[in-house]
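Asks: Quick one, structure for this:
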Amino acid sequence: MSIISKLKKSRDLWKTKAVESNNTLRYHRAELKRLKADRDKYKAEIRELKKQLDEVRKKKD
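Replies: Alright, predicted model coming up:
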């Protein structure tokens, strides 16, 4: 093999690995964003339910 063909092959392998890695990272970032949004939504719901529960308890007293 000539040096040029070795360099091209090496560069192509590097590009493939870089694209694959970037796709994986992009997926993980999107998944983390979705999970954090779900967590924040559930925490907000819990806060609201606790407020309602406190109001009901105050009305009973």
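Asks: Give me the pLDDT for the most centrally placed residue in the chain.
Replies: Centroid-nearest residue in the chain, with CA atoms, centre = their mean: Leu32, separated by 1.8 Å. With respect to pLDDT, Leu32 has a value of 98.
Asks: check which helix or strand covers it.
Replies: Secondary structure assigned from DSSP states H and E places Leu32 in helix 3-60.
Asks: give the contact list for Tyr42.
Replies: Shown in contact with Tyr42 (CB atoms under 8 Å, 6 or more residues apart in numbering): no residues. Placement of C-beta: from N, CA and C, glycine included.
Asks: residues near Arg29, how many?
Replies: Residue crowding around Arg29 was assessed by other CB atoms under 10 Å; the count is 10.
Asks: and the gap between it and Asn22?
Replies: The gap separating Arg29 from Asn22 is 10 Å, by CB to CB, to the nearest Å.
Asks: shared neighbours of those two, anything?
Replies: Counting by CB under 8 Å, 6+ apart, nothing touches both Arg29 and Asn22.
Asks: list the contacts for the residue nearest to the centre of the chain?
Replies: Residues in contact with Leu32, defined by CB under 8 Å, 6+ apart, are absent; none qualify.
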